[in-house]
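Q: using only what follows, build the 3D model:
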Amino acid sequence: MRRPCAAFTLAELLVSIAVLTVLLLIASRMINSAANIATIGYRRMDAESQVRPVFERMAGDFAQMIKRTDVDYYVKSDVNNELGNDRLAFFGNSPGYYPSSGSQSPVSLISYRINTSSSSSSFNRMERMSKGLVWTGVSPINTPVLFGLQAIVTNWPAATDSSLPDFDYELIGPQIFRFEYFYLLKTGLISDNPGAQGMQDVSAISVVVAAIDEKSRLLLSEPQVTTLIGRLKDFDRSKSRSDLAASWQSTLDETRDMPRTILSGVRIYQRYFNLLPLR
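A: Next up is the predicted model:
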């Protein structure tokens, strides 16, 4: 007498295949989710690796700022609204790039800007200038340390015009495309005007920047970057907009004409830099 052969029925095989398919789908979704989380983390770390050294450099420059009533500044004020990306230039004791000849002074001209020259490789990217100055009368070629109002805009136009080139500019934030700042006054008010005594009335400067990771930026055209710059609004004292970071994030969340996968690569950072007392 032959013994019957043990085997699966067709229905059992179909059920097994269906269960296996479901398990594979669940596993693939978990892997994709983990990959997306890792990608977002890498994007965040990439942006932070760009912004952190910029903020550290700013902290050092602001700490070395020369705050005297007879020294010029090029900053945002009621007579200089700085629409769009801001510009900032001042004298300080930070190390600079000095000319090869002449007696070097301890003073440098410091400037921060987002380059607006479409012919430049730094277009829509943050630059910093640290121009070492010589003493007055030691060089017939190089512009020396100068005092008085309008000294910066008159003698170093590239420090106040974001489209002009200068060999002492360096690309400090290749992923930073938006730059805005405002003041915390000694009275406790938030303003875009430093006050009657200029920088002497300022307790701290609040800087807000928007950065995008390198891979996401490659997917954006420069006109699209320029469009984003225009949508991230300036500081508005009438709206008490001290938290620009939240305002900019809301703008990004409401943007529908650009892929979300790209906009998710934009990171916004805000930091207050305390200024040292007058010296």
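Q: which ones are touching Val71?
A: By Cβ atoms under 8 Å, 6 or more residues apart in numbering, Val71 lies in contact with Phe91, Phe147. The way it works is simple: take the backbone N, C-alpha and C, and place the C-beta from them, glycine included.
Q: so it: helix, strand or coil?
A: Here Val71 is coil, with the state taken from DSSP: H, G, I helix; E, B strand; the rest coil.
Q: so what pLDDT did it get?
A: With respect to pLDDT, Val71 scores 84.
Q: try Phe8
A: 67.
Q: try the one 10 residues further on
A: Note on Ala18: pLDDT of 84.
Q: after the host helix or strand of it, next one along is what?
A: Following DSSP states H and E, one finds Ala18 within helix 10-63. Counting by DSSP H and E, the element after helix 10-63 in chain order, helix or strand, is strand 73-74.
Q: Leu232 contacts Val209, doesn't it?
A: No - here Leu232 lies out of contact with Val209, judged by Cβ atoms under 8 Å, at a distance of 10.1 Å.
Q: those two: which is more packed in?
A: Val209 (29 against 21; other Cβ atoms under 10 Å).
Q: near the closest residue to that one other than its chain neighbours, how many other residues are there?
A: Distances taken as Cβ to Cβ, 6 or more residues apart in numbering put Ile176 closest to Val209, at 5.0 Å, once the chain neighbours are dropped. Applying other Cβ under 10 Å, we find 24 residues neighbouring Ile176.
Q: hmm, Ile176 is touching Arg125, no?
A: Yes - Ile176 lies in contact with Arg125 (Cβ under 8 Å); the separation is 6.7 Å.
Q: overlap in contacts of the two?
A: Ile114.
Q: that older thread, any common contacting residues for Leu232 and Val209?
A: Arg178, Glu180.
Q: tell me where the chain has helices.
A: Using DSSP state H, the helices of the chain run over 10-63, 151-155, 214-218, 222-231, 244-254, 260-263.
Q: among those helices, which is nearest Val202?
A: Of all these, helix 10-63 sits nearest to Val202, with 10.1 Å by Cβ to Cβ.
Q: which other helices and strands contact that closest one?
A: Secondary-structure packing of helix 10-63 (3 or more Cβ pairs under 8 Å, 6 or more residues apart in numbering; DSSP states H and E): strand 126-134, strand 169-173, strand 176-185, strand 202-212, helix 214-218, strand 266-274.
Q: residues contacting the last one, please?
A: Right, strand 266-274. With Cβ under 8 Å, 6+ apart, strand 266-274 has contacts from 43-44, 47-48, 51, 55, 58-59, 62, 184, 203-213, 216, 228, 243-245, 248-249, 252.
Q: buried ones among those?
A: With burial judged by 16 or more other Cβ atoms under 10 Å, the buried subset of the contacts of strand 266-274 is 43, 47, 51, 58, 62, 184, 204-213, 216, 228, 244-245, 248-249, 252.
Q: what sits against Ser163?
A: Neighbours of Ser163 in contact, by Cβ under 8 Å, 6+ apart: Asn115, Thr116, Ser117.
Q: mind listing what Asp236 touches?
A: Contacts of Asp236 (Cβ under 8 Å, 6+ apart): none.
Q: for stretch 71-79, measure first residue to last.
A: Distance between the two ends of stretch 71-79: 18 Å, counting by Cα to Cα, to the nearest Å.
Q: quick one: it to chain centroid distance?
A: 21 Å (Cα atoms, centre = their mean, to the nearest Å).
Q: please apply the same query to stretch 152-162.
A: Computed by Cα atoms, centre = their mean, the chain-centroid distance of stretch 152-162 equals 21 Å.
Q: how far does it stretch from start to finish?
A: So stretch 152-162: terminal residues 14 Å apart, Cα to Cα.
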